[in-house]
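predicted model, plus sequence, below.
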Amino acid sequence: MSKQTHSFQAEVKQILHLVTHSLYSNKEIFLRELVSNASDACDKLRFEALDNAALYEDAPTLEVRVFFDKDAKTLTIRDNGIGLSAEEAASHLGTIARSGTREFMAKLEGEQKKDANLIGQFGVGFYSGFIVADRITVESRRAGLPADQGVRWSSEGTGEFELETIERAARGTDVILHLRDEDAAEFLSAWKLKSVIGKYSDHISLPILMKKETWDAEKGEQVVSDDWETVNKAAALWTRSKSDITDAEYQDFYKQISYDSDAPLAYTHNRVEGRSEYTQLLYIPKKAPMDLWNRDKRGGVKLYVKRVFIMDDAEALMPTYLRFVKGVIDSADLPLNVSRELLQESRDVKAIREGSTKRVLGMLESLADSDSADDKARYAEFWKEFGAVLKEGVGEDFANQERLAKLLRFASTHADEGVSFADYVGRMKEGQKAIYVITADSLAAAKSSPQLEVFRKKGIEVLLLTDRVDEWLLSHLYEFDGHPIQSVAKGAVDLGELQDEEEKKQVEAAAEAFKPTLERLQEALKARAKEVRVTSRLVDSPACVVADEGGMSAHLARMLKQAGQAAPASLPILEVNPEHALVKQLATDPRFDDLAQILFDQAVLADGGQLDDPAAYVKRVTALLAAA
């Protein structure tokens, strides 16, 4: 193929402009990205060679070499990995298929424009080379192709790139950066390059080689020799003894694999022996990723088999509700040619998944149950970021449901956050049997719910559940430590021993005396309410709506509707407070039907619901105000 000129995809043009202008203050990250890409290319060759050993050709030792030419002002990152064909060079280096590209660009244009870690998160690291180079040349040949099918790709990072076929004996890729004159000269220094590699790429398991420098006494300077030396540790961190690894090394490795600038919240490193042998190095981040709520996103755990990289995001190794966990699992038992399909069926994988899940939950328990104020604060930080996702596990992981229930935290009528089930049980009133909860769209809505009035009057604590996942949680968690979990918005209030006989008799007497009015209300609201009854839960409010004991709460019905799903058809129960002035007035008021509708509408609004006919409600209220 003779030299051809192609135009970049529109998104690439935008990224090139943003990368070179927004990330310039942290320009050394280009080397991290290009070395990481080189390492990935070697991993891909190793993986493909499992089925075709001929791809190694005559160079079975995989490595990355970094070298520079001061006179030519070039810096080269060379790998002998899988390489690129001409079609792959055009496709991979000229277009971006990643769906998150637009989000990446939006972030670079916004508040995070100087966050160098974004470039790794979104897989566009190659383009970071243009931070320091005014031209990049890529020379490559894909393993298995003949020498005359090498390819040269080059661009100045503007609107176009050139592509041509070249003769290349060695497989793999050279990325040649033609450095800018003014401010990229520092990267023509072996000391600087070693420093950056040590900072970002020390834990890459392949050797990263650079030419040795020796002191020339006559010239009075360091000179580059023809001998190569390994400048990274070239040993997988997780294979080393824990006693030989510093906390700083653990944190640096986390930042390398996660592209996170923050240190992890917690980590665990273990070698497991027994039926399945594997090593796990797992981290809990401090901050939630942008796509935390995408349940289809694969997790952050990398799978190795006997130190050979197999795949990123091995979702079979960690349950979905722990998708925020980052790290590495290295198995001694799985076959090297394991596929995602085989992972789903493997007994060894199931054992790894169970063991890793227990290890993560153990990390969280050690923080949550610690006597240390610092650990408790770290757990509170974790819960704020990931608590709603952890709740998913209550319905998904029955084997660990009890452990998960102990880790849950809520707001309550006694505290705005951080209340565990154990805390609640420890504060229960004498004679109290149930754990009382209420679900709502927000903390403010939960606190102001009229359904809490009798509980406040008696000083009974109620847990306030305001995450969207809480309805799912309650549909799978029925009790804690022998105490049933009861929604205050469902069924009749049964306070058991907390309600004395005199109170019960008063409710029964009121219901009997109010019976004619209840019957009229039932008739007036027959299209909207399943039942109208005297309440035992209201103190100050005239009425409230509740669901049947086994029915769907109004909160869940609203969420289903918002999600475009049809909720089962059911009418709520209207409970009225016969001691309220408005309710007392009903029996003798000639506007009974209108007042009944207003009473019901106000109960729906107080519960956080929406009216089917807001205009009718406004019309009725306006008429009442005008008459007054």
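Structure received.

quick check: closest non-adjacent residue to residue 479.
residue 485 (6.0 Å; Cβ to Cβ, 6 or more residues apart in numbering). Heads up, the C-betas are built off the backbone N, CA and C, glycines and all.

residues contacting that neighbour?
Counting by Cβ atoms under 8 Å, 6 or more residues apart in numbering, residue 485 touches 434-435, 437, 474, 477-479.

host element of it?
Of the helices and strands defined by DSSP states H and E, residue 485 is found in strand 483-487.

circling back: in a markdown table, list the contacts of residue 485 along with pLDDT and neighbour count.
Written out in a markdown table, the entries for these read as follows (pLDDT from 0 to 100; neighbours: other Cβ atoms under 10 Å):
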| residue | pLDDT | neighbour count |
| --- | --- | --- |
| 434 | 91 | 18 |
| 435 | 95 | 19 |
| 437 | 94 | 22 |
| 474 | 90 | 20 |
| 477 | 93 | 18 |
| 478 | 93 | 9 |
| 479 | 95 | 13 |
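
what about the strands in the stretch 51-200 of the chain?
Listed from the start of the chain, the stretch 51-200 of the chain has strands (DSSP state E, counting those that start in this stretch) covering 64-69, 74-79, 133-141, 150-155, 160-166, 172-179.

returning to that earlier point: now the contacts of residue 485 in a markdown table, with distance to residue 353 and secondary structure?
A markdown table is the format used below for those (distance: Cβ to Cβ, whole Å; DSSP: H, G, I helix; E, B strand; the rest coil):
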| residue | distance to residue 353 | secondary structure |
| --- | --- | --- |
| 434 | 35 | coil |
| 435 | 31 | strand |
| 437 | 31 | strand |
| 474 | 26 | helix |
| 477 | 22 | coil |
| 478 | 26 | coil |
| 479 | 27 | strand |
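
which one of these is nearest to residue 454?
For the contacts of residue 485, the minimum distance to residue 454 (Cβ to Cβ) is 13.7 Å, reached by residue 434.

so for the closest one, what's the nearest residue that isn't a sequence neighbour?
Beyond its immediate neighbours in the sequence, the residue positioned closest to residue 434 (Cβ to Cβ, 6+ apart) is residue 486, lying 4.2 Å away.

surely residue 35 is in a helix?
Yes. Using DSSP: H, G, I helix; E, B strand; the rest coil, the assignment for residue 35 is a helix.

give me phi/psi at the closest residue to it other than its chain neighbours?
With sequence-adjacent residues excluded and distances taken as Cβ to Cβ, 6+ apart, residue 35 is closest to residue 201, at 4.7 Å. Reported as degrees, to the nearest 10, the phi and psi values for residue 201 are phi -120, psi 20.

now swap in the one 5 residues further on and tell me
The main-chain torsion angles of residue 206 are listed as degrees, to the nearest 10 and equal phi -80, psi 150.

give the burial count for it, as a bare number.
By other Cβ atoms under 10 Å, 23 other residues sit near residue 206.

my guess is it contacts residue 65. True?
No. Under the criterion of Cβ atoms under 8 Å, residue 206 makes no contact with residue 65, lying 10.5 Å away.

which of the helices or strands spans the spatially most central residue of the chain?
Computing the C-alpha centroid of the chain and ranking residues by Cα atoms, centre = their mean puts residue 292 first, at 2.5 Å. Counting by DSSP H and E, no helix or strand carries residue 292.

when you give positions from now on, start the count at 20
Let's use 20 as the start, then, which means that last one is residue 311.

dump the residue contacts of it.
For residue 311, the set of contacting residues under the criterion of Cβ under 8 Å, 6+ apart consists of 342-343, 405, 408.

let's see that with 7 Å instead.
Applying Cβ atoms under 7 Å, 6 or more residues apart in numbering, one finds that residue 311 lies in contact with 343, 408.

any idea how far it is from residue 408?
Look at residue 311 and residue 408: by Cβ to Cβ, to the nearest Å, they are 6 Å apart.

what of residue 305?
Relative to residue 408, residue 305 is positioned 15 Å away (Cβ to Cβ).

swap in residue 366?
For residue 366, the distance to residue 408 equals 28 Å [Cβ to Cβ].

looking at the two, which one has more neighbours?
Between residue 366 and residue 408, counted using other Cβ under 10 Å, the more crowded position is residue 408 (19 against 10).

wait, doesn't the more buried one sit right on residue 340?
Yes. Proximity of residue 408 to residue 340 meets the contact threshold set by Cβ atoms under 7 Å, at 5.8 Å.

if I look at the residue nearest to the centre of the chain, what pLDDT would I see?
Per-residue confidence at residue 311 stands at 74 (pLDDT).

look up phi and psi at it.
As for residue 311, its main-chain torsions (degrees, to the nearest 10) stand at phi -60, psi -40.

tell me which stretches of the stretch 320-469 of the chain form helices.
Listed in chain order, the helices of the stretch 320-469 of the chain (DSSP state H, counting those that start in this stretch) span 359-364, 366-387, 392-409, 411-415, 420-426, 440-445, 462-466.

so which of those helices gets nearest residue 195?
If you check each of those against residue 195 by Cβ to Cβ, helix 359-364 wins as the nearest, at 35.7 Å.

ok, residue 186 - contacts?
Residues near residue 186 by Cβ under 7 Å, 6+ apart: 166-167, 169.

name the strands paired with the strand holding residue 504 and say parallel or antiparallel.
Strands adjacent to strand 502-506 in the sheet, as given by DSSP bridges, are strand 454-458 (parallel), strand 498-499 (antiparallel).

what's the next secondary structure element after that strand?
Counting by DSSP H and E, the element after strand 502-506 in chain order, helix or strand, is helix 520-532.

residues contacting stretch 66-81, please?
61, 64-65, 99-101, 162-163, 190, 225, 329, 355-356.

and that stretch, what's buried?
If you call a residue buried by 16 or more other Cβ atoms under 10 Å, then stretch 66-81 has these buried ones: 66, 68, 74-76, 81.

which of those fall in helices?
In helices, judged by DSSP state H, the following of these are found: residue 66.

and of the buried residues of stretch 66-81, the nearest to residue 431?
Taking Cβ to Cβ as the measure, residue 66 is the one of the buried residues of stretch 66-81 closest to residue 431, at 51.4 Å.

tell me the pLDDT of residue 257.
What the model reports for residue 257 is a pLDDT of 91.
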